[in-house]
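Q: I'd like to go over a predicted model; first the sequence, then the structure.
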Amino acid sequence: MHRSTVAWSCCAVVLIGCGQSQQKPAADTTAVTTPPPPPAPTPLANTDVAGKWNLRVMNQAGDSTLLTEVMNATSTSTGWTIVRGKTKPEAVRPTLSGDSLITDGGPYPSILHKGAKVTTHSVWRLQDGKLIGNTVAHYNLKTADSVRTLHVEGTKAP
């Protein structure tokens with residue numbers, strides 16, 4: 001072959017390569033789409049929890065019952081009480097927030113710490129017909145065990 005023919009052939013290959021259209025790569029169809037968030041839980045109403053509730057107060061692990069209580073809840077945010085054993089009814093202040101019931105009580109005489117007063121803050125959710133939640137109890141003591149978290153479950157009395 002002649003040198004000029006080789007040179008022209010190389011130029012032709014380069015020109016043909018440059019003349020091809022610039023195609024974009026195919027879109028990536030393997031991308032993961034994010035599912036929509038689940039719907040918000042249905043907000044609680046006082047009427048959802050109104051009635052008499054038998055409560056079991058347990059240690060934080062929920063494997064040991066420390067005491068039982070009865071909570072009387074009205075269909076309004078007034079008149080709620082808790083009775084512990086043979087004590088007199090103590091007022092409880094309810095608040096509803098979304099799907100949660102929040103109750104605050106005390107100070108009142110503690111059943112778990114004789115001679116001490118206790119103030120409680122509980123957050124509950126209604127699950128499968130049961131009230132399930134945690135209580136933070138603040139005891140009027142001067143020792144290291146002045147705050148305790150307890151697990152509480154309640155079933156509605158017939």
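A: Yes, it's here.
Q: which stretches of the protein form strands?
A: Here the chain has its strands, by DSSP state E, at 51-58, 65-73, 81-84, 90-97, 100-109, 117-127, 130-139, 147-156.
Q: out of these, nearest to Val32?
A: Nearest of the strands of the chain to Val32, taken as C-beta to C-beta: strand 117-127 at 31.4 Å. In short, each C-beta sits where N, CA and C put it, glycine included.
Q: Pairing partners for the closest one, with directions?
A: Looking at strand 117-127 with DSSP bridges, its partner strands are strand 100-109 (antiparallel), strand 130-139 (antiparallel).
Q: As TSV, the strands of the chain with mean pLDDT, distance to Ala40 and mean neighbour count would be great.
A: Formatted as TSV, the strands of the chain follow (pLDDT from 0 to 100; distance: least, C-beta to C-beta, whole Å; neighbours: other C-beta atoms under 10 Å):
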stretch	mean pLDDT	distance to Ala40	mean neighbour count
strand 51-58	97	25	17
strand 65-73	96	24	17
strand 81-84	94	30	18
strand 90-97	96	12	15
strand 100-109	95	12	17
strand 117-127	96	14	18
strand 130-139	96	19	17
strand 147-156	96	24	17
